[in-house]
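# A structural model of the following input is requested.
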Amino acid sequence: MSGKHAIFVILIITALIPAELEAQVWPFRRRSQAERATRDLERRQRETGQQTNFFNPLQPFGSRRNNDRDDHIWSPETAYLSIPQTGNVSITNPSRLGINSKYELQSLLGASYWVPNLMIKRRIHSGEIYWATRHGIYVPTPGLNWAQNKGYHSYVDTTAAIPHIVAIRNELIVSKPFMDDVSCVQGIPWLIITAGLSADYGLSLESNDLSAIDEHIIGSRSAPLTGKGLLIIARLRADARLNDFTFIEGGFRYFNSTHHNNGFEHHAALNYFAAKNFSISPGYLLSIGNFGSSKVKIYPSLDLTWYFGQKSRRGGRIFEGSRF
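So this is what the prediction gives:
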């Protein structure tokens, strides 16, 4: 075969080779401009020791790390409900567990030794304003027996017969979230204002000669705890997000009962997340009322909270309508 015929045959074979095969066989291997540009960018980033997201220089390159949970700012005292199998365990604040899209279980675990309690919160509406009701039952008899055995006369007289007491709670909760329109984290508010109105009723199952409790904090809740009727509680609170690890909360409560002293409380706390799902909350509680030897008392407070379950849903997404 002559040289001209050989060159002609090679050209024919080259033209018949599929493009995919040609790209894999040297010397026909090719790299697109986009591939070369990407590799050049990665090489320059490795040389500088920095992975930069050019859409946001403060955010690492690649998928955005986002460990935010909306239940970090939506406390159990708001009208928000945790998603199923998600919640938190706390010492002094209500612990909670999401059951389904309509219901959430709650309990004050730190008080359950003295006052066994269980509450259920029900969603009414969620959207620009969240509405929920909370219903509960608690039994103060074990705590009264404990105080009597310890000799705490200001709580219960040592000679009094302690009856079996059951108290029930019904509460309406309304929350208004305020979103940050310029934030990169959509759906998580920076401020939540919550108002609540509850009616607690204590019922004695036996004859009852207990007196009103003459101590701050407990005295404000004396009527249902001693089985002596109705207590109305009106409250207002605010929860705010300072940054990814720090939240603040504060609120007021007013207690009104016909046969017992009325009281007023103010509390504030700083919630700091020492770990992804663990927070430490130091704060204080101010009590005002005609109890004991002083009308005003202030107490330090500390709560530890562990959050469990999957990442919570985002509330109030863009273009999201009201949910029932």
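# low-confidence bits of the stretch 201-324 of the chain, can you list those?
For the stretch 201-324 of the chain, applying pLDDT under 70 flags the ranges 311-324.
# meant to ask about the stretch 51-200 of the chain, not that
51-68, 181-186.
# show me where it has strands.
Secondary structure of the stretch 51-200 of the chain (DSSP state E, counting those that start in this stretch): strands at 87-90, 95-98, 103-107, 117-125, 130-138, 165-178, 191-204.
# got those strands as CSV, with mean neighbour count columns?
Any C-beta I mention is one placed from the backbone N, CA and C, and that applies to glycine too. Below are those laid out as CSV (neighbours: other Cβ atoms under 10 Å):
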stretch, mean neighbour count
strand 87-90, 21
strand 95-98, 20
strand 103-107, 20
strand 117-125, 17
strand 130-138, 19
strand 165-178, 18
strand 191-204, 18
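# reformat the ones you listed as a markdown table; add distance to residue 238.
Shown next, in a markdown table, are those (distance: least, Cβ to Cβ, whole Å):
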| stretch | distance to residue 238 |
| --- | --- |
| strand 87-90 | 19 |
| strand 95-98 | 20 |
| strand 103-107 | 20 |
| strand 117-125 | 19 |
| strand 130-138 | 14 |
| strand 165-178 | 10 |
| strand 191-204 | 6 |
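# number of residues surrounding residue 300?
By other Cβ atoms under 10 Å, 8 other residues sit near residue 300.
# my read: it touches residue 286, true?
No - checked against Cβ atoms under 8 Å, the pair residue 300 and residue 286 is beyond contact range at 11.0 Å.
# quick one: closest of the strands of the stretch 51-200 of the chain to residue 220.
Nearest of these to residue 220, taken as Cβ to Cβ: strand 191-204 at 11.0 Å.
# partner strands of that closest one and their direction?
strand 165-178 (antiparallel), strand 228-241 (antiparallel) (DSSP bridges).
# next SSE after that strand?
Using DSSP states H and E, the helix or strand that follows strand 191-204 in sequence is helix 222-225.
# helices and strands around that following helix, which ones?
Judged by 3 or more Cβ pairs under 8 Å, 6 or more residues apart in numbering; DSSP states H and E, helix 222-225 is in contact with strand 165-178, strand 191-204, strand 228-241.
# can you pull the alpha-carbon coordinates of that helix into CSV?
Extracted as CSV, the C-alpha positions of helix 222-225 are listed here (Å, rounded to 0.1, in the frame of the first residue of the first chain):
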residue,chain,number,x,y,z
SER,A,222,-52.0,28.4,95.7
ALA,A,223,-55.7,28.1,94.7
PRO,A,224,-55.3,25.0,92.4
LEU,A,225,-52.4,23.6,94.5
